[in-house]
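> One predicted model, sequence on top.
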Amino acid sequence: MTDVVLSCTKISKAFGALQASKDVSLDLQAGEIHALIGPNGAGKSTLIRQISGAMKPDRGTVHFLGHDVTRLSAIERARLGLGRSFQISSVIPDFTVLQNVALAVLGDEGNSFHFFRDLLKGRPTVERAETCIARVGLEDRRAVRAADLAHGERRRLEIATALALEPRAFLLDEPMAGMGAEGASEMTRLLDTLRHEAPILLIEHDMDAVFALANRISVLVYGEIIATGTSDEIRSNAEVRRAYLGEEETA
Ligand SMILES: Nc1ncnc2c1ncn2[C@@H]1O[C@H](COP(=O)(O)OP(=O)(O)OP(=O)(O)O)[C@@H](O)[C@H]1O
C-alpha cells in the first residue's frame with residue numbers, strides 16, 4: 001500500500017479565458033520527491049499555490065494527511081505541516097539567519113511576535129532554530145544578515161525556515177533558480193536527504209537536478225498533466241519530448 005501524504009483531485013483554475021489548471025490530479029507519497037515540470041506559463045506555480053492554499057481552485061479538492069484541506073487557508077495548511085518555499089524570498093533581509101529561523105520557530109509555537117525579543121533569549125527556541133540551520137549547512141553563517149548572504153545560501157535559509165515548522169510535506173518552487181553549478185549541486189544534496197524527513201513536491205527548471213532527484217515526474221503543459229512517471233519513463237516519452245524536453249534541448 002502506498003502512503004499518500006498529499007493529493008489533489010481534478011483541480012481547475014481559470015483566469016478569464018485562460019485555463020491555467022485543467023482537472024489536475026496528482027499525489028505525493030511518503031519518502032519521495034515528485035517533480036512538476038513544464039514550459040514557462042504551463043501553470044506549475046498556479047497549481048502549487050492552490051495546493052498551498054494561497055489561491056482557491058474553481059473546482060477540485062486537496063487532501064493532506066487524510067484531511068480535506070480545500071477550504072483551509074495557507075496558514076491553516078502550514079500549521080498542519082505543509083511547508084513551503086517560493087520563487088520569491090520570504091526571509092526578512094535585515095534579520096540574521098538565526099533571527100529569521102527563530103521567528104519561524106516562534107510562529108510554529110503560536111507565539112505573538114510582540115514577545116519576539118524576549119523569547120529569542122529562551123534556549124528552546126534558539127536550539128530548535130540552530131538545529132534547522134545546521135540541517136541546511138548554514139551554522140557558520142548564523143549571525144549574518146539575510147541580505148548579506150549569497151543567493152544559494154538565502155535559498156537554504158528559506159528551507160531552514162520551512163523546516164522550523166516541522167513540515168510533513170514540502171512544496172518547493174524553483175529552489176535552484178539563479179544558482180550556479182556549485183549551489184545547485186549543494187541544493188541537490190540537501191533535497192536528497194530532506195525527502196526522508198518529509199516528501200517534496202518540487203517545481204524546478206534545472207533538468208539535471210530533476211532527473212537526478214525525482215522518484216516521479218509529472219509534466220504539465222497548458223494546465224494539463226500529460227504524463228507521470230520515473231525519470232527514464234519521462235525522458236523516453238515521445239509526447240513529453242515533443243511538448244517540452246525536445247524544445248529545451250534545441251533551445
Ligand atoms: N493571478 C493571475 N492572473 C492572471 N493570469 C495569471 C495569474 N497567475 C498566473 N497567470 C497566468 O497563468 C498561466 C500559468 O502561470 P504560472 O505562473 O502558473 O506558470 P508556470 O508554469 O509556473 O510558469 P514559470 O515556469 O514561468 O514560472 C500563465 O499564462 C500566467 O500568465
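That came through, no problem.
> Show me how the record splits this protein into domains.
For the chain, automatic domain parsing gives the domain ranges 1-81+167-251, 91-166.
> Give me the mean pLDDT for the first one.
Spelled out, it's domain 1-81+167-251. In this model, domain 1-81+167-251 has a mean pLDDT of 91.
> and it, is it in reach of the ligand?
Yes - residues of domain 1-81+167-251 are located near the ligand by C-beta under 6 Å from any ligand atom, namely Phe15, Leu18, Ala20, Gly38, Asn40, Gly41, Ala42, Gly43, Lys44, Ser45, Thr46. Every residue, glycine included, has its C-beta placed from N, CA and C.
> coming back round to it: need the domains of the chain in JSON lines (columns: mean neighbour count).
Converted to JSON lines, those look like this (neighbours: other C-beta atoms under 10 Å):
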{"stretch": "domain 1-81+167-251", "mean neighbour count": "18"}
{"stretch": "domain 91-166", "mean neighbour count": "18"}
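> can you pull the contacts of the closest residue in space to Gly81 that isn't next to it in sequence?
The shortest distance from Gly81 to any non-neighbouring residue, by C-beta to C-beta, 6 or more residues apart in numbering, is to Arg168 (3.4 Å). Neighbour list for Arg168: Val5, Phe64, Leu65, Leu80, Gly81, Leu82, Gly83, Ala198 [criterion: C-beta atoms under 8 Å, 6 or more residues apart in numbering].
> how near is the fourth one to Pro167?
In this structure, Leu80 lies at 9 Å from Pro167, with C-beta to C-beta, to the nearest Å as the measure.
> Stretch 133-141 spans what distance, first to last residue?
The first residue of stretch 133-141 is 9 Å away from its last residue (C-alpha to C-alpha, to the nearest Å).
> Distance from that stretch to the middle of the chain?
19 Å (C-alpha atoms, centre = their mean, to the nearest Å).
> sorry, back to before: in strands only, show me the residues of domain 1-81+167-251 next to the ligand.
Among the residues of domain 1-81+167-251 next to the ligand, DSSP state E puts Phe15, Leu18, Ala20 in strands.
> can you list those in TSV and add distance to Asn215?
Shown next, in TSV, are those (distance: C-beta to C-beta, whole Å):
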residue	distance to Asn215
Phe15	31
Leu18	31
Ala20	26
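> wait, what's in contact with the nearest residue to Met179 once chain neighbours are set aside?
Nearest residue to Met179 in three dimensions, chain neighbours excluded: Gly152, at 5.0 Å (C-beta to C-beta, 6+ apart). With contact taken as C-beta under 8 Å, 6+ apart, Gly152 is in contact with Met179, Gly180, Glu182, Gly183, Ala184, Glu186, Met187.
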